[in-house]
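Enquirer: requesting a structural model of the entry that follows:
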Amino acid sequence: MIALYCQAYHGEHGGLCPDCRRLADYARHRLEHCRYGSSKPTCARCPVHCYAPEMRQRIRAVMRFAGPRMLWRHPLLAMQHLLDGLRPTRTRSPDRS
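Expert: Sure thing, here's the model as predicted:
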């Protein structure tokens, strides 16, 4: 999604601009350290908002732009994301052992 956004807004082809690279690295780091692990719901349905306010605003703009375009560029990933959004969320954090 970030690559689609960066290509459209920053004209980068085959990579990400430095700002979008920082956003992608931040998002990857947050996902790797998420308390829900592989059972994480989509961010919109997650009870824990782990992004800093500025990064949350930036990723929201990326998703708003790239979300509809994902259906055409990566239809399987888009469908998987939609199905993940339908998965029920837990109200308490899982135990980490």
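Enquirer: longest helix in the protein, please.
Expert: Ranked by residue count and defined by DSSP state H, the top helix of the chain is helix 53-73.
Enquirer: so what touches that one?
Expert: By Cβ atoms under 8 Å, 6 or more residues apart in numbering, the surrounding residues in contact with helix 53-73 are 1-2, 4-5, 8-9, 23, 26-27, 43, 49, 51, 77-78, 81. For every residue, glycine as well, the C-beta is placed using N, CA and C.
Enquirer: and with 6 Å instead?
Expert: 1-2, 4-5, 23, 26, 78 (Cβ atoms under 6 Å, 6 or more residues apart in numbering).
Enquirer: kindly report the same for stretch 76-88.
Expert: 41-42, 70-71.
Enquirer: at 10 Å what do you get?
Expert: 1, 39-45, 63, 66-72, 74 (Cβ atoms under 10 Å, 6 or more residues apart in numbering).
Enquirer: looking at the contacts of helix 53-73, spot the one nearest Gly15.
Expert: Comparing those against Gly15 with Cβ to Cβ places Ile2 closest, at 11.0 Å.
Enquirer: would you mind measuring from the closest residue to that closest one other than its chain neighbours to Pro47?
Expert: What sits nearest to Ile2 in space, not counting adjacent residues and going by Cβ to Cβ, 6 or more residues apart in numbering, is Ala24, at 4.8 Å. When distances are taken as Cβ to Cβ, to the nearest Å, Ala24 and Pro47 turn out to be 24 Å apart.
Enquirer: and for Leu86?
Expert: Distance from Leu86 to Pro47, by Cβ to Cβ: 16 Å.
Enquirer: and what of Pro41?
Expert: 8 Å.
Enquirer: and the two? Which one has more around it.
Expert: Pro41 (17 against 11; other Cβ atoms under 10 Å).
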